[in-house]
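1. kindly return the folded structure for what I paste below:
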Amino acid sequence: MRNEILNNIDNPKQLEKLYRDNKVSFKKEFNQIYPGHQENRSLSFWHERLNFEKEKQAIGSKNEIIIVIAFALIAGLIANIPNFSGIDKARFFTRNISFIVFPVLSSYFIWKQKLAFKQWLFPLMATLIAAMYINLLPNNTNSSSITLSFIHIPIFLWATFGYSFLGEHINSNQSRISFLRYNGDLVVMSGILFLSTIVFSAITINLFGLIGINIEEFYSQKIMVWGLAAIPIVATYLIQTNAQLINKVSPIIAKIFTPLVCVNLFIYLLAMIYTKKYPYQDRNLLLLFNVLLMGVMALILFSVAEAGKNAKSKFNLIMLFSLSVLTIIVNSIALAAISFRLIEFGISPNRIAVLGGNLLIFINLVLVCYKLFLACFKNAAIEAIEKSIASYLPMYAIWTGLVAFLIPVLFQFK
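-> Numbering: from 1, shown residues only. From the prediction side, this is the model:
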């Protein structure tokens, strides 16, 4: 091996072949040869390639670790309010589960970006107003307008958190796309931590069970709730300090599921035509239809965001274009069904909220679809797709706020 390396010092192709044939032997012999040939630029490159030490996984500064622990404890305290106060758990978590997550994440990014007072005043006031409003709503489980508020307040808080995340770059489309990418990474990392927490908890409970100590109730009520509440902030910390842990996972998930969902949606539409089961009369089918629509829309948004960050694969763009066309068809059917129900059964909080949300998604989808068409068949820049997504995000935030705060009042909390 040593002689072969020496004989091919100026033959990069043969050196690569030798390396691939026996990497261990190549590295050993090369490191013995190199000290006498350090002036050779080709061998200098190989030396760096073979002996480059990867950076260790970052753990962040001591101060940041302390801040993250503090925020995790705050999240745990909020989650434990029913245990401390005796408030009904179902009532509390129905109204306040999003306050365990988004205010803490907002505070972390406000601290991390060292935002000025005027920049974090809005998220602070918005969070306080939302918390007071949602907890002062009547306890009427039969009110559709109040239920809508429960559903939309978390989305409103997510939008408020986005404001904190963007900081000084609130008007930057690129920063908004980064926010979408972060959310995709957060879902993946939180899922991993959640599954790890469940496995660890199951092992712990069963280990104590083997020695005759039943800790299941105590552990689930007094310990596990702290761990679950800490997941979002810990996941965010890991993403921020070790982006390499997760930034390759989200694109892979998007690439796998985009064609699968595209095929699935096409078959579903054919099956719906064959069975003649349309969401006009069946309210539950319409609700499921809208859940499907929002899920596919989210996949398109995250996939386009990832497409802009990674290789601009023509196949991926065509898949996204096909998926957006199918989703527009699904959205059109949903809009027709909602309009039919409005005419047939009259105005209601649910119909108004669903109609407005579907109209927003439909307009956004048409814009994205058009930009995807240009990128696929006219070789237009993919940045235009990102811009059509990023510039539209405030519209969702505004509509969510109107549904959460205004509709219950307009319909007198019915």
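2. separation between Phe109 and Leu393?
-> Look at Phe109 and Leu393: by C-beta to C-beta, to the nearest Å, they are 17 Å apart. (Glycine included, C-beta is placed from N, CA and C.)
3. pLDDT averaged over stretch 235-255 - what is it?
-> Computed over stretch 235-255, the mean pLDDT rounds to 77.
4. where does pLDDT dip in the stretch 251-400 of the chain?
-> Residue ranges of the stretch 251-400 of the chain with pLDDT under 70: 251, 280-287, 302, 304-313.
5. helices of that one, residue ranges please.
-> Secondary structure of the stretch 251-400 of the chain (DSSP state H, counting those that start in this stretch): helices located at 283-309, 314-345, 349-377, 383-390, 393-405.
6. let me know which of those helices is the nearest to Leu15.
-> helix 283-309 (33.2 Å; C-beta to C-beta).
7. please, which helix or strand holds Glu48?
-> helix 41-51 (DSSP states H and E).
8. tell me, how many residues neighbour the closest residue to Leu342 other than its chain neighbours?
-> Excluding its sequence neighbours, the residue lying closest to Leu342 (C-beta to C-beta, 6 or more residues apart in numbering) is Arg351, at 5.2 Å. If you count neighbours by other C-beta atoms under 10 Å, Arg351 ends up with 18.
9. please tell me how far Arg351 sits from Ser143.
-> For Arg351, the distance to Ser143 - C-beta to C-beta - is 15 Å.
10. same thing with Gln38?
-> Look at Gln38 and Ser143: by C-beta to C-beta, they are 78 Å apart.
11. which one's more surrounded, the two?
-> More neighbours surround Ser143 than the other of Gln38 and Ser143, with 19 against 10 (other C-beta under 10 Å).
12. contact partners for the more buried one?
-> 408, 413-414 (C-beta atoms under 8 Å, 6 or more residues apart in numbering).
13. mind checking which of these are buried?
-> Pro408 (16 or more other C-beta atoms under 10 Å).
14. so which of the contacts of Ser143 are in helices?
-> Taking DSSP state H, the ones among those that sit in helices are Pro408.
15. check the offset of stretch 326-344 from the chain's centre.
-> 27 Å (C-alpha atoms, centre = their mean, to the nearest Å).
16. apologies, that question was intended for stretch 335-353.
-> 30 Å.
17. can you pull out the residues in contact with it?
-> Residues contacting stretch 335-353 (C-beta under 8 Å, 6+ apart): 144-145, 148, 152, 278-280, 283, 286, 289, 354-355, 358-359, 362, 403, 407-408, 411, 414.
18. quote the end-to-end distance of it.
-> 12 Å (C-alpha to C-alpha, to the nearest Å).
19. buried sites along that stretch?
-> Neighbour-count burial for stretch 335-353 [16+ other C-beta under 10 Å]: 335, 337-338, 341, 349-353.
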